[in-house]
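> Quick one: sequence plus predicted model below, questions after.
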Amino acid sequence: MEMGYTKAYVMKGGYREWVKALWPIEAIRGIVKKDCISCHKDVTPGIVADWSGSTHAKQEVTCAVCHGDHHSSAQDADKVLPINPDRCGQCHQIQAEQFRRGKHSLAWSTLKAMPTAHWQPLAMTEGLKGCESCHRLGYKTQAEILELKKRGSGFGYVSCDVCHTRHTFSKKEAQQPQACQTCHMGFDHAQYEMWSSSKHGVRYSLKQLGILPETAVAPTCQTCHMQEGNHAVRTAWGFLAVRLPMPSDTAWAGARKTILQALGVLDPEGNPTKRLDLVKQSDIARLTQEDWLNERIKMVKTCNACHSAQFVSAEMDKGDQMIKQTDLMLAQAIRIVAELYKDGILKKPDSYAHPFPDFLTFHDAPTTIDLKLWLMFMEHRMRAFQGVFHANPVYAQWYGLGEMQQDLTLIREMALDLRRKAAPPEKPSRKKGPPAKTR
């Protein structure tokens, strides 16, 4: 029973006893006595249709198993039990545990720790139309789930239903790359666009259209990032491609230190800050060589299913080298802006802990040059290194590295202009008149 109950187990008649071991007697009474369908086929026919076609329906996992049986009318709808991964995990133990150990489960708490998340218009935050719309995938307390429901949240507050959308909860749906597209696209994480326009993605698209046979090799997001269905979804370099320990290359190590300072993990003197704890908790970076290597080995093994070891090693090295190249460029830009703060040409905002550019302000950055620096980091650097790892040279070059080179040029020019404007005006020199005539 390590994967939860099986069809064979249900067919043998053991289902009722299995449910009794997992749920309170109220849920059992709900299964036996409650007829949710008779009401909901008129109130929410779409939900009934989805559930009716689901594996849950076929295996008699009724509404009350998940939602309890305390709700029987519109007047007591607030008694419906809120669902979270723990409840799903009573059947799907392995997947729930993998999810809890992975980065997706931390998406909600990580968002709440971002300063910019609390500065957005209510239409974005209350309406879940901004960062929350994807970050609600993360694990939440029962109280947070109830609050989201009160605010009219749709799919996603349960976490599992972001990919296995309600009420079909289809495994096949979640195995399709389109399930990832909702979040992994656009400005700072254009992974879907990179993958779908790469040779990997094109071949899979042709498979879906029936042009290539089902036997054609075409890796999806899940092939590389959810090996054997692992719900932890971790990568070697992590989301931001910064990690510990520092590289042996001194120039690269210095550049990474500068980036960590702009992320607020190190202060201007290079000492750790409280944000380092946030990085550890959110799992957005690999903080030991062993942790990084474990994820790299898993990815290499996946690639080796189609490619030679020599080819895979070379491609991985190209991705690492792109990170190094972008780090060196980004660090130059950060230092230029940091000097403006140090020299008092840029005034430190009250929200900044240190007089240093702060990447966590996002698009709320206080000056034009700060905004350009943030775009260089969050949009163009991300596309440069992710483009390489997703086998998409257009993203790596034109939307990534090429844009970073333009950013650096503009930041240099903007800094010179700010310094010129801040310089004290030159005192006009007294011009000597013509020498006096002598007799």
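In hand now; what should we look at?
> contacts and neighbour counts: CA atoms only from here.
OK.
> what mean pLDDT does the lengthiest helix in the chain have?
Longest among the helix segments of the chain by residue count, using DSSP state H, is helix 309-342. Helix 309-342 shows a mean pLDDT of 98.
> ok, and what's touching the following helix or strand past it?
Proceeding N to C from helix 309-342, the next assigned helix or strand is helix 368-375, under DSSP states H and E. Residues from elsewhere that reach helix 368-375 (CA atoms under 8 Å, 6 or more residues apart in numbering): 333-334, 337, 357, 359, 362-365, 407, 411, 414-415.
> just stretch 212-219 next, same as before
Residues contacting stretch 212-219 (CA under 8 Å, 6+ apart): 200, 201, 203, 204, 206, 207, 306.
> Weed out the non-buried ones from the contacts of helix 368-375.
333, 334, 337, 357, 359, 362, 365, 407, 411, 414, 415 (16 or more other CA atoms under 10 Å).
> Now do the last one against residue 404, distance only.
As defined by CA to CA, to the nearest Å, residue 415 lies at a distance of 16 Å from residue 404.
> go on, the third one?
As defined by CA to CA, residue 337 lies at a distance of 15 Å from residue 404.
> Ok, the second one next?
Taken as CA to CA, the spacing of residue 334 relative to residue 404 amounts to 12 Å.
> what about the strands in the protein?
Applying DSSP state E to the chain gives no strands.
> In it, where is pLDDT below threshold?
Across the chain, the ranges flagged by pLDDT under 70 are 1-34, 125-127, 154-155, 430-439.
> Break the chain down into its structural domains.
1-72, 82-174, 175-229, 250-287+300-421 (automatic domain parsing).
> how about those, which one is nearest residue 294?
domain 250-287+300-421 (10.1 Å; CA to CA).
> that older thread, with distance to residue 223 added, can I get the contacts of stretch 212-219 in CSV?
What follows is these, written out as CSV (distance: CA to CA, whole Å):
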residue, distance to residue 223
200, 11
201, 12
203, 14
204, 11
206, 17
207, 15
306, 12
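> Find the pair from the residues you listed with maximum spatial separation.
206 and 306 (18.1 Å).
> The two: which has the busier surroundings?
residue 206 (15 against 12; other CA atoms under 10 Å).
> Provide a list of residues in contact with that one.
residue 212.
> what's around the closest residue to residue 225 other than its chain neighbours, how many residues?
Counting by CA to CA, 6 or more residues apart in numbering, residue 225 lies nearest to residue 233, which is 5.5 Å off, once chain neighbours are set aside. By other CA under 10 Å, 18 other residues sit near residue 233.
> got the contact list for residue 225?
233, 234, 235, 299.
> now for the residues you listed, which pair is the farthest apart?
233 and 299 (11.4 Å).
> What is the burial count for residue 179?
Residue 179: 18 neighbours (other CA under 10 Å).
> same thing with residue 104?
23.
> Which residues are in contact with it?
Here residue 104 is in contact with 137, 138, 232, 233 (CA under 8 Å, 6+ apart).
> Over to residue 347?
341, 355.
> Run through who's touching stretch 115-134.
108, 111-112, 151-153, 156, 182-183, 360-362, 364.
> Show the buried residues in those residues.
108, 111, 153, 156, 183, 360, 361, 362.
> Redo the residues you listed as a markdown table? Include distance to residue 386.
Output for the buried ones among the contacts of stretch 115-134, formatted as a markdown table (distance: CA to CA, whole Å):
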| residue | distance to residue 386 |
| --- | --- |
| 108 | 23 |
| 111 | 22 |
| 153 | 31 |
| 156 | 26 |
| 183 | 15 |
| 360 | 20 |
| 361 | 22 |
| 362 | 20 |
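> and which of those is nearest to residue 313?
Looking across the buried ones among the contacts of stretch 115-134 and measuring by CA to CA, the closest to residue 313 is residue 183, at 29.3 Å.
> need the contact list for that closest one.
residue 134.
> returning to what we had before: for the contacts of residue 104, pick the one with the most neighbours.
Counting by other CA under 10 Å, top hit in the contacts of residue 104: residue 138 with 26 neighbours.
> Does it touch residue 112 like I think?
No. With contact defined as CA atoms under 8 Å, residue 138 does not reach residue 112; the gap is 10.7 Å.
> picking up where we left off before, for the longest helix of the chain, enumerate the helices and strands it packs against.
Packing partners of helix 309-342 (3 or more CA pairs under 8 Å, 6 or more residues apart in numbering; DSSP states H and E): helix 250-262, helix 289-304, helix 368-375, helix 382-389, helix 402-422.
> relative to helix 309-342, how tilted is the third one?
In terms of direction (axes from the mean of the first three to the mean of the last three CA atoms, to 10 degrees), helix 368-375 departs from helix 309-342 by 160 degrees.
> go on, the first one?
Between the axis of helix 250-262 and that of helix 309-342 there is an angle of 60 degrees, by the same axes, to 10 degrees.
> ends of stretch 222-241, how far apart?
Separation of the first and last residues of stretch 222-241 by CA to CA is 20 Å.
> which parts of that stretch are buried?
Counting neighbours by 16+ other CA under 10 Å, stretch 222-241 gives 222-227, 230-241 as buried.
> try stretch 101-120
101-111, 116-117.
> That'll do, ta.
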